[in-house]
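Engineer: Here's my sequence, what's the structure:
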Amino acid sequence: MGTVANKSRDIVLVDSHCIFLDGLIAILHPAGYQVVATATSWAEATKTVKERKPQLVIVETALSDSTGAAGIPLLISHSPRTLVVVLTSDESASQLNAALAVGAAGYIHKTRNSTVLLNAISRVLAGEIVIEGSFMRDAFPSDPPPAELAHLVRYLTPRERECLAHLAAGHDTAVIAEKLGVSRTTVRTHVQSVLVKLGVHSRLEAAALASRYGLVDQQSSPDHSPSHPNGRGH
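Structural biologist: Numbering: from 1, shown residues only. The predicted structure is shown next:
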């Protein structure tokens, strides 16, 4: 049983900078993750993932033998159960969307700190799609087109959709926590994720976009919450 448990936390790291890889190992090992291998190119990463079949790959898409997300599907084809998280310095929305479109489960900017990284990894392993960074804010300095917003909303979890609905209804953290039956800290975490995924800077911006473009579906509406205080999304 111990081998199975450890296997679920096996990670392969991929980056062209060896010192950066050493830094990641120093962060991940104390948190209970086992870095079973590292790679510095897509070719090496593909070979390593095929052999190791880790639970998670953390990869910088800009490598010496290719730039972009094209290598992600190949990694997944060799190990379908492996989750891929992109840890990158690329802030472009096009790269973000390309990575998510081909199966990445997370997209994190390298300026984020170790606490954010570890939290994001935990959420990815729990089944979420996680975006951590200011990618969309830079790509869309004003309101994104409705089609782009609809695309971004797809990456919200059911619970995050409920939080967005409550924001649109003008509810504060205490009210949302009470209605959803969760702690205020949990609400703040969900709301922060909503802001990042929609590429906005405040709750007011998120609420305005949700109301203006009808981003909240009927099932997520607070009007449907009282009879189900614990909500959907678990």
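Engineer: if I pick the residue nearest the centre of the chain, what's in contact with it?
Structural biologist: Nearest to the mean C-alpha position of the chain, counting by CA atoms, centre = their mean, stands Val130 at 0.9 Å. Neighbouring residues of Val130 by CB atoms under 8 Å, 6 or more residues apart in numbering: Val85, Ala105, Gly106, Tyr107, Ile108, Ala120, Arg123, Val124, Ser193. Bear in mind the C-beta positions are built from the backbone N, C-alpha and C, glycine included.
Engineer: any idea how far Ala207 is from Ala104?
Structural biologist: The spacing between Ala207 and Ala104, counted by CB to CB, to the nearest Å, is 28 Å.
Engineer: For those two, indicate the residue with more neighbours.
Structural biologist: Ala104 (26 against 21; other CB atoms under 10 Å).
Engineer: Show me where the chain dips below the pLDDT cut-off.
Structural biologist: 1-8, 133-149, 151, 217-234 (pLDDT under 70).
Engineer: longest single helix anywhere in this structure?
Structural biologist: In the chain, taking DSSP state H as the definition, the longest helix is helix 184-198.
Engineer: List the buried residues of that one.
Structural biologist: Thr186, Val187, Thr189, His190, Val191, Ser193, Val194, Leu195, Val196, Lys197, Leu198 (16 or more other CB atoms under 10 Å).
Engineer: and the two most separated of these?
Structural biologist: Thr186 and Leu198 (18.8 Å; CB to CB).
Engineer: quick one: which of the contacts of Val130 is nearest Asn97?
Structural biologist: Checking those against Asn97 with CB to CB, the nearest one is Tyr107 at 9.4 Å.
Engineer: all helices for this protein, in order.
Structural biologist: With DSSP H as the criterion, the chain has helices spanning 2-7, 18-28, 42-52, 72-78, 93-101, 114-125, 135-139, 146-153, 158-168, 173-180, 184-198, 203-213.
Engineer: Make JSON lines out of those and add distance to Leu63.
Structural biologist: As requested, the helices of the chain are exported to JSON lines (distance: least, CB to CB, whole Å):
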{"stretch": "helix 2-7", "distance to Leu63": "26"}
{"stretch": "helix 18-28", "distance to Leu63": "12"}
{"stretch": "helix 42-52", "distance to Leu63": "5"}
{"stretch": "helix 72-78", "distance to Leu63": "12"}
{"stretch": "helix 93-101", "distance to Leu63": "13"}
{"stretch": "helix 114-125", "distance to Leu63": "19"}
{"stretch": "helix 135-139", "distance to Leu63": "19"}
{"stretch": "helix 146-153", "distance to Leu63": "27"}
{"stretch": "helix 158-168", "distance to Leu63": "32"}
{"stretch": "helix 173-180", "distance to Leu63": "41"}
{"stretch": "helix 184-198", "distance to Leu63": "25"}
{"stretch": "helix 203-213", "distance to Leu63": "35"}
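Engineer: Many thanks, have a good one.
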